[in-house]
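In: Build me a model from this:
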Amino acid sequence: RDVTGVQTCALPISRHADVLAIDRDRETWASDRGYVNCWKFAFIDPVLGGGKPSMLTLEGAAHKRNRTVTARGFTEKRVRDLEAKFRAYAKDVVDEALDLRTFNFVTRIAQTMPIEALGDVLGVPPEDRARFFGWIDTYAAPFDPRKNRSIDDVLAATAGLMDYALQLRDLRRREPGDDVMSRIAAAEGDELLSEDELMGNMSLLAAG
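Out: Residues are numbered from 1 along each chain as shown. From the prediction side, this is the model:
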């Protein structure tokens, strides 16, 4: 325990037997008991989806339900199709950068490629991607002064992201595809994700 009385783990766990023992000991190592790691003392927890439940912070049947529904966006065929699209994106991004000869690597390549790729995975329409990933950049790095001038910037980005997750769900109910949000939006009955779970998982996947 640290000085605040919170139980902590000082060393990384890497041995197979230790990992297996921890995985089976839910009473000691449950992931559904609040903020994790360094975010325990922060004003916001990006890993938890702004305080929303997600696969990373759920246990038992709730974790299985969230994981099962989300995994339908990653079928073998879907992954093959995405690979082909990602290869095309990579070629186009590099070709355009080479034509410029001098460019900012971060904005021209390092950001452009994942924006397009993850936009396809999540089902974010092309016209919304710049705005959506602007929120993600702020939300995922709340202490980076290059992105955020104040906590208000982070809170505004988080609110925008959460609201958009519900808008995207409604869009994919009307116009379904093969993406993750379409699979989440199509879930019914016992598999239906709550709005909080939907927002938490969207934040988790996008920030990841």
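In: Let me see the ranges of the helices in the protein.
Out: 16-24, 26-29, 60-71, 76-100, 105, 112-122, 129-140, 151-174, 180-186, 195-207 (DSSP state H).
In: Quick check: which helices or strands does the third one pack against?
Out: Counting contacts by 3 or more CB pairs under 8 Å, 6 or more residues apart in numbering; DSSP states H and E, helix 60-71 is packed against helix 180-186, helix 195-207. Where C-beta positions appear, they are placed from N, C-alpha and C, glycine not excepted.
In: mind checking which of these is nearest R146?
Out: helix 195-207 (17.0 Å; CB to CB).
In: could you dump the helices and strands packed on helix 60-71 to CSV with mean pLDDT and mean neighbour count?
Out: Below are these laid out as CSV (pLDDT from 0 to 100; neighbours: other CB atoms under 10 Å):
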stretch, mean pLDDT, mean neighbour count
helix 180-186, 95, 22
helix 195-207, 87, 22
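In: Which one, of those, ends up nearest to S54?
Out: Among the helices and strands packed on helix 60-71, helix 195-207 sits nearest to S54 (CB to CB), with 3.5 Å.
In: residues contacting the closest residue to D81 other than its chain neighbours?
Out: Distance criterion CB to CB, 6 or more residues apart in numbering; nearest residue to D81, sequence neighbours excluded, is D178 at 7.3 Å. Residues in contact with D178 (CB atoms under 8 Å, 6 or more residues apart in numbering) are G73, R78, D81.
In: Closest one to T112 out of these, please.
Out: Nearest to T112 among these, counting by CB to CB, is D81 at 20.3 Å.
In: Pull up the per-residue confidence for that closest one.
Out: What the model reports for D81 is a pLDDT of 93.
In: how much space between it and D128?
Out: Note on D81: its distance to D128, by CB to CB, to the nearest Å, is 21 Å.
In: Quick check, pLDDT for R174.
Out: 96.
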